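*Asks:* I'd like to go over a predicted model; first the sequence, then the structure.
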Amino acid sequence: SNIVWVYSSLLLQKLSSASMRGRVFGVDCALAMLSESASALLAGVLQDDAGLSAAQVSLIMAIVAVVTLAMWGVYFSRVSIAERSITT
């Protein structure tokens with residue numbers, strides 16, 4: 001996950017203007033911390049209140065990650081195709 005963070009930070013740096021860069025990185029860091037704490041909270045609730053095992057919670061989190069990745073891939077493949085058709 002660290003290599004993804006490096007690449008996303010590089011893209012944010014290249015795609016944001018110098019005057020907005022600090023704000024962009026601040027929002028990026030805040031959203032990352034929010035998602036980490038929300039996933040830890042959700043895992044605790046699933047284990048304590050729903051009675052799921054650690055393996056079951058891990059499987060649920062993995063499925064959510066794969067679905068999110070698939071949605072991200074579909075979205076950005078469509079955006080990329082649209083950008084290519086505009087520039088050509």
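*Replies:* Sure thing, it's come through.
*Asks:* Endpoint to endpoint, stretch 44-55 covers what distance?
*Replies:* With C-alpha to C-alpha, to the nearest Å as the measure, the ends of stretch 44-55 fall 13 Å from one another.
*Asks:* Quick check: buried residues in it?
*Replies:* Within stretch 44-55, the residues that qualify as buried are L46, L52, counting by 16 or more other C-beta atoms under 10 Å. To be clear about C-beta, it is placed using only N, CA and C from the backbone, and glycine gets the same treatment.
*Asks:* For the host helix or strand of A62, give the mean pLDDT please.
*Replies:* Assignment of secondary structure by DSSP states H and E places A62 within helix 54-87. Per-residue pLDDT values over helix 54-87 give a mean of 85.
*Asks:* Check stretch 2-18 too.
*Replies:* For stretch 2-18, mean pLDDT is 84.
*Asks:* now that stretch: how far from the chain's centre is it?
*Replies:* When distances are taken as C-alpha atoms, centre = their mean, to the nearest Å, stretch 2-18 is centred 13 Å away from the chain's centroid.
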